[in-house]
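> With the input below, show me the fold.
(one chain, ligands or ions: 1)
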Amino acid sequence: MLIAFSGCDGAGKSTQVHAVKRMLEERGYQVQVLDKWDVRDHQKFPECRMINIELEDLKNAVGEMEGPSRALFLFWAIGITMTRDDLDDRSKIYLLDGYWMKHAAVEIEYGCDPAWIEQTARQFRPADLTFYFDVTPEVAFERKDDFNVYECGRDPECRPASFLAHQTKLRARMLDWSDRFGWQVVSSLQDQAEITKQVMAQIDQLLASAHEQV
Ligand SMILES: Cc1cn([C@H]2C[C@H](O)[C@@H](COP(=O)(O)O)O2)c(=O)[nH]c1=O
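Prediction:
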């Protein structure tokens, strides 16, 4: 079972992934988090051993990529992280931290052809359930301590207005896609525990219907 957690920068995706993982494990499920940045784990992904830098450094370098190169890099990394585990194993729950959604939206904003991006994203295995954590750019702005060029519409000065403008465009696309692709929109403007409760209620429904099918 694959569950995707998507959202704009500062939406709290990773926080929810970890809270949900803990809850499911407490109930005895086998849970694994898949994250594109794990390509730095050379034990799990020996074929990625040429990537040998600190995570922060890697993110900055990827942020500097031009043209379609960043989309290709990120899709490559996401693709690799889907190859190591048996995703058909129904006894396991895979939580996809981020997956392809926000990256697809970002790369369209940064100039990639939307049709190419959507077509490429379709190569990834569909998740059984996708959450979109919705946050206003203003709240995301308040939550974050620092901003990088990548999150600010590539404004080298990382001005607050650039962050807000860029994140507003991303949010509009993510909401549109949520509607088109049937993602579960969860307001990220609530208490973290309340968000986890809503997410778990949806996961419970999915687990119940999967159980009925067995
Ligand atoms: C994809 C990417 C993310 N980032 C930043 C944005 C987020 O603050 C953080 C985590 O990104 P992620 O949610 O896309 O994994 O890394 C970059 O700085 N450069 C990049 O190329």
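> Show me which residues of the chain sit near the ligand.
9, 59-60, 62-63, 70, 74, 98, 148, 150-151 (CB under 6 Å from any ligand atom). Where C-beta positions appear, they are placed from N, C-alpha and C, glycine not excepted.
> Among these, name the buried ones.
Those of these that meet the buried threshold are 9, 62, 70, 74, 98, 150-151, by 16 or more other CB atoms under 10 Å.
> Just the helices from the chain, written as ranges.
Under the criterion DSSP state H, helices of the chain are mapped to 13-26, 55-64, 69-81, 101-109, 114-121, 137-143, 160-181, 192-213.
> thinking again about what came up before, ok, which pair from the residues of the chain next to the ligand is furthest apart?
The most widely separated members of these, counting by CB to CB, are N60 and G98 (17.3 Å).
> residues contacting the residue most central in space within the chain?
Central residue of the chain (CA atoms, centre = their mean): G98, 0.9 Å from the mean position. Residues in contact with G98 (CB atoms under 8 Å, 6 or more residues apart in numbering) are 5-6, 13-14, 35-36.
> Quick check on those: which are buried?
5-6, 13, 35-36.
> Surely E25 and V33 touch.
No. Contact criterion CB atoms under 8 Å: E25 and V33 do not qualify, at 11.0 Å.
> Neighbour count: those two, which is higher?
V33 (17 against 12; other CB atoms under 10 Å).
> How much space separates the residue nearest to that one when sequence neighbours are not counted from the ligand?
Sequence neighbours aside, L95 is the residue nearest to V33 in space, at 4.9 Å (criterion: CB to CB, 6 or more residues apart in numbering). Note on L95: its distance to the ligand, by CB to the nearest ligand atom, to the nearest Å, is 14 Å.
> give me the beta-bridge partners of L95?
Counting by DSSP bridges, L95 is bridged to I3, V33.
> pretty sure it is touching R22, no?
No. The pair L95 / R22 is not scored as a contact, 11.0 Å apart, by CB under 8 Å.
> So the two - more neighbours on which side?
Higher neighbour count among L95 and R22: L95, with 23 against 11, using other CB under 10 Å.
> Good, we can wrap up now.
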